[in-house]
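[1] requesting a structural model of the entry that follows:
(one chain, ligands or ions: 2)
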Amino acid sequence: MQKLTIVIPAYNEEKILESSVKTLLNIEDKIAAANYLEQRADILIVDDGSTDKTWQIIERLNAEISRVRGLKFSRNFGHQAALIAGLSEAVKTAAVTVTIDADLQDDPNKIPDMVSQYTGGADVVYGVRNNRDSDSWFKRTTAQTYYGLLKKLGVELVPNHADFRLMSKRAVETFLQYPERNIFIRGIIPKLGYTTGKVYYKRTPRMAGESKYPLKKMLAFAWDGITSLTVAPVRLILILGVLACLLAVGMSIFTLISKFTGLAVHGWSSLMISLWFMGGLQMVSLGIIGEYIGKMTTEVKHRPRYTVARKLD
Ligand code: UDP
Ligand code: MG
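    Ligands and ions are numbered 1, 2, ... in the order given. From the prediction side, this is the model:
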């Protein structure tokens, strides 16, 4: 049994969903014709609480084409939640899954390539865009700065890869063992450790409808990425505290010199010295408490301690 399921998160995508599904069905047929996989592939659409006709379209498609399945959220839970729900459902029957946005800005014609890398042994195949021409200057620069920052904070991400990705059954199952609530999927996948592959594609502009990621959502998503993947900012407080203490020593020397050379007014020196030392001490204390909170953060995530890739009996 080697079934492929394509998972599509959809939020208010009435303008584009049907044509996207048709395109994807065609691609699946091509894959089946090339005999990459044994059983017929299907499509699972996760309606993330749409308020337009998205769900009606899914119902109609499902009635017409049995290979189209649907899940509907009770309200909008977000792109990442929709992907997780789709993968959890798909993995029950599929040997391999591909996640792709409903607008098909990520080139679906690369899916056969992904599948052939999977049959060649890759558990995860990343879709990587090799241009950012379709993005505004603003989105391009902020994205690059952001990925640079994450890298400095020690987070491993595949540059220019979003959520267009193939995953084998066991990769999805391992991924689902990361039960954390605040989840930034593309930051977790590289942690799984399985064999990976890449396909490169040109990202095209959205054909219809508008982006469901306005600036506010994008900023929230970016912030989630940092705070859910690293406790490095907390360590920064500790480092700043230690630096402030060191500065306090320098300031004390300067203050004492000022005092004994008669430059300082009465009471200034004691104020200056305590100000710097207290500031530094408070920052160090916060940093230490932060370290423990950081540890708790990693503990409550209940991530798996290890993943076994192969076993010989
Ligand atoms: N999406 C979703 N829930 C949301 C926002 C977006 O399921 O709250 C879906 C959306 O339907 C699309 C994908 O996530 O399939 C990516 O959204 P979009 O194309 O608007 O993002 P952009 O390409 O502009 O970053
Ligand atoms: Mg899009």
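[2] for this protein, just list every one of the helices.
    In the chain, the helices defined using DSSP state H lie at 17-33, 54-64, 79-90, 111-119, 137-152, 169-175, 185-192, 215-229, 232-260, 268-300.
[3] who touches residue 208 in this structure?
    Applying Cβ atoms under 8 Å, 6 or more residues apart in numbering to residue 208 gives the contacts 15, 16, 103. In short, each C-beta sits where N, CA and C put it, glycine included.
[4] ranking by neighbours, what's the top pick from those?
    Using other Cβ atoms under 10 Å as the neighbour test, those are led by residue 103, with 22 neighbours.
[5] ok, which residues in the stretch 1-150 of the chain are in contact with ligand 2?
    Neighbours of ligand 2 within the stretch 1-150 of the chain, by Cβ under 5 Å from the ion: 101, 103, 105.
[6] considering only these, which also neighbour ligand 1?
    With the criterion set as Cβ under 6 Å from any ligand atom, the members of those near ligand 1 are 101, 103, 105.
[7] would you list those residues in JSON lines and tack on pLDDT?
    As requested, those are exported to JSON lines (pLDDT from 0 to 100):
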{"residue": "101", "pLDDT": "97"}
{"residue": "103", "pLDDT": "95"}
{"residue": "105", "pLDDT": "94"}
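[8] looking at the residues you listed, spot the one nearest residue 185.
    The nearest member of these to residue 185, counting by Cβ to Cβ, is residue 101 at 12.9 Å.
[9] am I right that the closest one is in contact with residue 164?
    Yes - between residue 101 and residue 164 there is a contact under Cβ atoms under 8 Å: 7.1 Å.
[10] neighbour count winner among the two?
    A direct count of neighbours by other Cβ under 10 Å for residue 101 and residue 164 places residue 164 higher, at 25 against 21.
[11] show me the residues around the more buried one that make contact.
    Contacts of residue 164 by Cβ under 8 Å, 6+ apart are 98, 99, 100, 101, 106, 126, 127.
[12] 7 Å - rerun?
    Residues in contact with residue 164 (Cβ atoms under 7 Å, 6 or more residues apart in numbering) are 99, 100, 106, 127.
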